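Fold the following and give me the result.
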Amino acid sequence: MSNVETRPVEVRCGTSADAERPAGTAQVEVLTPRDVPLGGPRAMTVRRTLPQRGRSLIGAWCFADHYGPDDVSETGGMDVAPHPHTGLQTVSWLFSGEIEHRDSLGSHALVRPGELNLMTGGYGICHSEVSTPRTTVLHGVQLWVALPEADRDTVRNFQHHVPEPVRVDGARVSVFLGALAGVTSPVPTFTPLLGAEITLQPHTAVTLSVDPRFEHGLLVDRGDVRLADTLLRPAELGYVPAGPGTLTLTNESDGPARTVLLGGTPFEEEIVMWWNFIGRSHEDIVRAREDWQNASDRFGAVQGYPGDRLPAPALPHAHIKPRGNRPRH
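This is a model prediction of the structure:
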């Protein structure tokens, strides 16, 4: 998905200022989303929890949009024209609906609930995303992963994976990246990562073993879920710094609760994010924007989309100011 804000903010994301906590403890920081409209008056609105002023990364996860459930007869659904990406991977994960994906690698795929679509931008790629006519309700998350310096100019790529859910106590776990609950995704990543959908039955709890080197974020889609001792409401994201070897999730709702658990080792590099580009400097962003506006071969072209590609917004007049994760006290 594109960041189609008309005035995207330049963000410089620094290394984490959080010290690792002793194993076995989980202190949770609650991140609340901001609403971002994607397009015109009938456009769908997403809830963005990453990046934000207090926290810009969780592992290499650097962007998290949570949307729906949207009645497409009212919002018009999703229609994002071809747009570029650099220095990142996009992770598409749906709860309901269906999206048609086309990219400049030649990939033509459908994004369906419970199926991972992972696109690697690297040096440059472009793609389009359109909800299909079969879609009545669109609901899911769009996530970005920052590529490390050694791999940020890697070749473009696209992967599709359908994880097999497993049951742990009162939870249903679908691991789409990394390892959890005895399941390891076959999809390779450039940094250690975890991505999983966890659905809990009413008034049940599950304790999951996790990598203590990882920091984690739990995004609640549906229900009221207690992470350790902290209650998270729908659309909130609970952040846990590295240290604990287990995480306990408790559904305090009368109905099923659905969450997405993200994790990874702290990303020890500074990155610059603007619009759909990730670089290491303001100059990287300027160059990527010029290449896109000039229809450079860097991004290739999407075939089969019935319309024009998205133009890049105007750059701000100032250089990017450093902005890292807020120290915890």
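
Helix, strand or coil: sort out the residue nearest the centre of the chain for me.
Centroid check for the chain by C-alpha atoms, centre = their mean gives residue 143 as the closest residue, at 1.4 Å. Of the three states, residue 143 takes strand under DSSP: H, G, I helix; E, B strand; the rest coil.

Pretty sure it sits against residue 61.
Yes: with contact defined as C-beta atoms under 8 Å, residue 143 and residue 61 form a contacting pair (6.2 Å). C-beta here means a position set from N, CA and C on the backbone, and glycine is covered the same way.

which residues are in contact with both of these two?
Shared contacts of residue 143 and residue 61, defined by C-beta atoms under 8 Å, 6 or more residues apart in numbering, comprise residue 262.

Buried residues, the lengthiest helix in the chain. List them.
Longest helix in the chain, counting residues (DSSP state H): helix 282-293. Neighbour counts over helix 282-293 (16 or more other C-beta atoms under 10 Å) mark 282, 284, 285, 287, 288, 289, 291, 292 as buried.

Check the spacing between residue 260 and residue 275 real quick.
24 Å (C-beta to C-beta, to the nearest Å).

before we move on, back to that, what does the longest helix of the chain contact?
10, 84, 86-87, 124, 126, 272, 274-275, 277, 279, 296, 298-299, 311-312, 315, 319-320.

same deal with stretch 119-127?
By C-beta under 8 Å, 6+ apart, stretch 119-127 touches 82-90, 92, 101-105, 107, 147, 151-159, 288, 291-292, 296, 298-302, 309.

which intervals of this structure have sub-threshold pLDDT?
Applying pLDDT under 70 to the chain flags residues 1-7, 9-12, 14-25, 39-43, 320-329.

Show me the helices in it, by range?
With DSSP H as the criterion, the chain has helices spanning 72-75, 282-293.

Can I get the longest one in CSV? Just the C-alpha atoms.
Coordinates of each C-alpha in helix 282-293 appear next as CSV, following Å, rounded to 0.1, in the frame of the first residue of the first chain:
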residue,chain,number,x,y,z
HIS,A,282,17.8,13.4,2.7
GLU,A,283,19.8,13.1,-0.5
ASP,A,284,18.7,9.4,-0.9
ILE,A,285,15.1,10.5,-0.8
VAL,A,286,15.6,13.4,-3.3
ARG,A,287,17.3,11.0,-5.7
ALA,A,288,14.5,8.4,-5.4
ARG,A,289,11.8,11.0,-6.0
GLU,A,290,13.6,12.4,-9.1
ASP,A,291,14.0,8.9,-10.5
TRP,A,292,10.3,8.2,-10.0
GLN,A,293,9.1,11.5,-11.5
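
how far out from the middle of the chain is that helix?
When distances are taken as C-alpha atoms, centre = their mean, to the nearest Å, helix 282-293 is centred 23 Å away from the chain's centroid.

cool, stretch 27-46 as well?
That offset, for stretch 27-46, works out to 13 Å (C-alpha atoms, centre = their mean).

quick one on the thing from earlier: restrict the contacts of helix 282-293 to the buried ones and give me that as a ChimeraX selection.
Selecting just the buried residues from the contacts of helix 282-293 in ChimeraX takes one command, with 16+ other C-beta under 10 Å as the test:
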select :10,84,86,87,124,126,272,274,275,277,279,298,299,312,320
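
Just the ones of the contacts of helix 282-293 in strands?
84, 126, 272, 274, 277, 279 (DSSP state E).

From residue 230, how far off is the third one?
Distance from residue 272 to residue 230, counting by C-beta to C-beta: 32 Å.

how about the nearest residue to residue 308, chain neighbours excluded?
Leaving aside its sequence neighbours, residue 308 sits nearest to residue 81 (C-beta to C-beta, 6 or more residues apart in numbering; 6.3 Å).

Contact partners for the one you found?
By C-beta under 8 Å, 6+ apart, the neighbours of residue 81 are 128, 305, 307, 308, 309, 310.

before we move on, the earlier item: with distance to residue 66 as added columns, please give the ones in strands among the contacts of helix 282-293 in a markdown table.
Below are the ones in strands among the contacts of helix 282-293 laid out as a markdown table (distance: C-beta to C-beta, whole Å):
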| residue | distance to residue 66 |
| --- | --- |
| 84 | 23 |
| 126 | 24 |
| 272 | 24 |
| 274 | 21 |
| 277 | 22 |
| 279 | 25 |
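
Pull the most distant pair out of those residues.
126 and 272 (19.7 Å; C-beta to C-beta).

Of the contacts of residue 81, which count as buried by neighbour count?
If we count by 16+ other C-beta under 10 Å, the contacts of residue 81 have these buried: 128, 305, 309, 310.

export those to CSV and tack on distance to residue 184?
Shown next, in CSV, are the buried ones among the contacts of residue 81 (distance: C-beta to C-beta, whole Å):
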residue, distance to residue 184
128, 32
305, 35
309, 37
310, 36
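
So which bits of stretch 84-95 are buried?
So stretch 84-95, judged by 16+ other C-beta under 10 Å, has buried residues 84, 85, 86, 87, 88, 89, 90, 91, 92, 93, 94, 95.
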